[in-house]
Structure formats: C-alpha cells, structure tokens
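Student: Predicted model and sequence below, questions to follow.
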Amino acid sequence: MDIYLPIADMPVSIFLVLGLSAAVGFISGMFGVGGGFLLTPLLIFIGVPAAIAVATVSAQITASSVTGALAYWRRRALDVKLGTILLAGGLIGTVLGVWFFNAMRRLGQLELVIMLSYIVLLGGVGSLMLVESLRALWSTRKGAVPPRKARGAHPWYFGLPFRVRFHRSQIYCSVIPLAALSITIGFLGAVLGIGGGFLIVPALIYLFRVPTAVVVGTSLYQILFTMIAATMLHAVTNYAVDVVLSFLLVLGGVFGAQFGARAGRNLRGEQFRLLLALIVLAVGVRFLVEAVVRPVELYSIGAVEVRQ
C-alpha cells in the first residue's frame with residue numbers, strides 16, 4: 001500500500017518505510033545510538049531526495065530523543081553543565097551546517113557532498129571501530145588484562161585555557177576541545193541528517209574520560225536541542241521537512257527500539273562493538289559502490305533553481 005509524500009513529491013510503500021524505520025529502531029535500541037546515520041542513507045537508497053531525507057530524519061531524531069533525555073534527567077544521569085557547553089557549540093555547528101547545506105543545494109552539489117561525506121565518515125569510523133573491537137575480542141580470548149592508565153595523567157588538551165570543573169562527569173578540562181567537538185558534530189548533523197550519538201558518545205568516553213553512567217544522557221540532551229534547531233532551520237529555509245514521512249519513521253522506530261533494547265542485553269561488549277562496526281562499514285561500502293559503479297541511467301532531468 002502506497003502513501004503520497006507531499007514534500008518529497010513521490011509515493012512510497014507504507015510497509016517499506018515502516019519496515020526500514022523499525023529495523024533502524026531495533027539497531028538504535030540495541031546499540032544506544034540515534035540511528036540517523038543509517039536511516040538517512042536508507043531513505044536515499046529508496047529514492048527519497050537527499051535534502052528531504054536529511055531534513056526529515058532530523059525531525060525524527062528530535063522526537064525519538066525526547067523520552068530518552070527525560071529518562072536520564074530523572075535518573076540524574078545527565079551532566080547539565082557539560083551538556084550545555086556541548087549544546088552551545090552544537091547550535092553554532094548546526095547554523096553553519098544548514099548554511100553549507102543550502103549553499104550546496106543551490107549549486108546542485110548537495111547529493112555529491114552527502115555521498116562523499118558518508119563514504120569518508122562511515123568508512124573511517126567503521127574501520128576504527130572494527131579494529132578496536134577485533135583487538136578487544138582477541139585480548140579477551142587470550143585472557144589479557146588491559147593496562148590501567150596512570151592516576152592523574154590527562155591528555156594535553158585538558159590543560160588548554162578556560163578550564164572548567166564538571167562535578168557530575170568528574171573531569172576538569174578546557175572547554176575549547178569540547179566546543180570544537182560539539183561544533184563539528186552539530187555541523188555534520190545538519191548536513192547529513194545524523195544526531196551524532198555514534199560519534200559524540202565514544203569521543204566523550206575515550207577522549208574526555210566521561211563516565212559511561214552520564215555520557216549517554218548528556219549526549220541525548222545535546223542532540224535533542226541541536227536537532228530541534230536543525231529541523232526548524234531546514235523547515236524555514238528549505239521547506240524540506242516531510243511531516244507524513246516523519247510520522248511513519250517515528251512510528252516504526254519506536255516499535256523497533258523496544259525489541260532492540262531487549263536484544264542488546266544478551267550481547268557482550270566486544271560482540272556489541274563488532275556488530276555496530278560491521279553495520280557502519282556496510283553502509284559506507286554501499287555509498288562507495290554507488291559512487292563508482294556506472295549508473296543504469298546516465299542522464300536525468302530535473303528542475304534547477306536559478307537566482308539572478
């Protein structure tokens with residue numbers, strides 16, 4: 001059964017969209033990531049224009065982040081001070097990302113930029129995650145114990161100017177690297193339609209040593225408000241948010257996440273990271289294949305916006 005998407009100006013199968021969003025919701029619930037880095041490419045693969053896919057997934061991420069952020073806030077598993085600094089940088093990155101998005105769309109290069117960005121981002125992140133997870137699996141089989149870091153040792157960027165103490169996260173570091181991280185995540189989120197959870201969570205854990213007990217809630221707090229800003233900017237400047245498509249994505253995603261959360265409890269940490277790495281790499285390879293393989297139709301006809 002098909003349904004017409006008014007903004008995308010195309011019919012799609014309701015069951016296909018619900019199935020895709022449920023599958024991504026399952027993966028999101030299993031691995032604790034937003035899923036935008038999977039959902040946006042999948043929508044592009046089924047024919048949804050890249051601009052509509054990016055803007056609409058931003059709305060879907062906003063809706064799915066509300067309940068999670070509230071739950072972590074009620075459990076006091078959220079560092080509001082750290083989240084606010086990340087949010088400030090994320091909003092700056094979001095504004096810059098939407099401006100860059102609009103500029104590439106006017107030039108007719110948006111789809112190429114999105115494709116190349118996904119190839120580099122997912123290929124790089126997926127490869128690093130794969131190497132790390134395989135190394136962890138090998139160490140576990142050999143029974144090796146990972147060396148502990150010296151007490152009081154901190155990375156060099158902790159000592160940059162404007163140091164702030166984050167009591168709930170138990171760190172004392174400069175806000176400069178935190179701002180740089182959040183601006184980058186906000187920029188990528190606006191351009192690629194990703195919440196950035198699969199980037200910011202490991203960055204906070206491995207680069208800033210934020211305890212895992214508060215890192216997910218703090219990440220969701222930042223993602224929630226940056227995605228609200230991205231959705232509003234895309235809606236006002238691009239008119240690219242498809243409400244019908246967004247509703248279907250939210251419906252399927254909520255359903256799939258419930259089962260994914262249950263399935264994730266049965267996975268060991270090493271298996272968890274290995275599966276996520278393989279999924280990220282698979283999407284990156286799919287984009288790479290699309291970029292290098294000769295298309296069936298060499299030419300296409302479309303409307304081009306011309307401004308005098």
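Tutor: The structure has been received and is ready for your questions. Numbering: from 1, shown residues only.
Student: From now on I want contacts and neighbour counts done on CA atoms only, so please keep to that.
Tutor: Fine.
Student: low pLDDT regions in this protein?
Tutor: 28-34, 67-68, 140, 143-153, 257-258, 260-273, 291, 293-308 (pLDDT under 70).
Student: can you give me the strands for it?
Tutor: 2-5, 10-13, 163-166, 171-174 (DSSP state E).
Student: give the contact list for residue 247.
Tutor: Counting by C-alpha atoms under 8 Å, 6 or more residues apart in numbering, residue 247 touches residue 60.
Student: Okay, the residue nearest to residue 91 when sequence neighbours are not counted and residue 158: tell me how far apart.
Tutor: Distances taken as C-alpha to C-alpha, 6 or more residues apart in numbering place residue 226 nearest to residue 91, at 5.6 Å, with adjacent residues excluded. Going from residue 226 to residue 158 by C-alpha to C-alpha, to the nearest Å gives 25 Å.
Student: what about the residue nearest to residue 91, how many residues close to it?
Tutor: For residue 226, the tally of surrounding residues (other C-alpha atoms under 10 Å) stands at 31.
Student: what does residue 160 give?
Tutor: Residue 160, neighbours per other C-alpha under 10 Å, totals 12.
Student: What residues does it make contact with?
Tutor: 173, 174, 176.
Student: do you know how far it is from residue 211?
Tutor: Counting by C-alpha to C-alpha, the gap from residue 160 to residue 211 is 21 Å.
Student: do the same with residue 20
Tutor: 33 Å.
Student: Those two - which one has more neighbours?
Tutor: For residue 20 and residue 211, the more surrounded residue by other C-alpha under 10 Å is residue 20, and the numbers stand at 20 against 16.
Student: close enough to count as contact, the residue nearest to residue 91 and residue 92?
Tutor: No: applying C-alpha atoms under 8 Å, one finds residue 226 not in contact with residue 92, separated by 9.1 Å.
Student: what residues are shared contacts of these two?
Tutor: In contact with both residue 226 and residue 92: residue 186, using C-alpha under 8 Å, 6+ apart.
Student: Run through the helices of the stretch 1-150 of the chain in chain order.
Tutor: 14-31, 36-45, 50-74, 80-107, 110-142 (DSSP state H, counting those that start in this stretch).
Student: Buried ones in the third one, by neighbour count?
Tutor: The one in question is helix 50-74. 50-65, 69, 72-73 (16 or more other C-alpha atoms under 10 Å).
Student: And the second one, by the same measure?
Tutor: Within helix 36-45, the residues scored as buried using 16+ other C-alpha under 10 Å are 36, 37, 38, 39, 40, 41, 42, 43, 44.
Student: Burial check on residue 92, number of neighbours?
Tutor: 17.
Student: excluding its backbone neighbours, what's nearest it?
Tutor: Closest to residue 92 by C-alpha to C-alpha, 6+ apart is residue 183, at 6.1 Å.
Student: what does residue 42 give?
Tutor: residue 20 (7.5 Å).
Student: now swap in residue 235 and tell me
Tutor: Per C-alpha to C-alpha, 6+ apart, closest to residue 235 is residue 241, 5.5 Å.
Student: In this structure that neighbour contacts residue 9, no?
Tutor: No: contact criterion C-alpha under 8 Å: residue 241 and residue 9 do not qualify, at 11.9 Å.
Student: More neighbours: which of those two?
Tutor: Between residue 241 and residue 9, residue 241 has the larger neighbour count (other C-alpha under 10 Å), namely 27 against 12.
Student: mind listing what that one touches?
Tutor: 7, 52, 55, 56, 59, 231, 234, 235.
Student: let's see 10 Å
Tutor: 6-8, 51-60, 231-235 (C-alpha atoms under 10 Å, 6 or more residues apart in numbering).
Student: cool, and residue 104?
Tutor: Neighbours of residue 104 in contact, by C-alpha under 10 Å, 6+ apart: 98, 110, 111, 112, 113, 114, 191.
Student: change it to 8 Å
Tutor: 110, 113.
Student: And residue 105, by the same measure?
Tutor: With C-alpha under 8 Å, 6+ apart, residue 105 has these contacts: residue 51.
Student: That one and residue 58: what is the separation?
Tutor: From residue 105 to residue 58 the distance is 17 Å (C-alpha to C-alpha).
Student: what's the answer for residue 198, then?
Tutor: 15 Å.
Student: before we move on, what about residue 93?
Tutor: 14 Å.
Student: if we can go back for a sec, which one of the buried residues of helix 36-45 is nearest to residue 84?
Tutor: Nearest to residue 84 among those is residue 36, at 22.1 Å by C-alpha to C-alpha.
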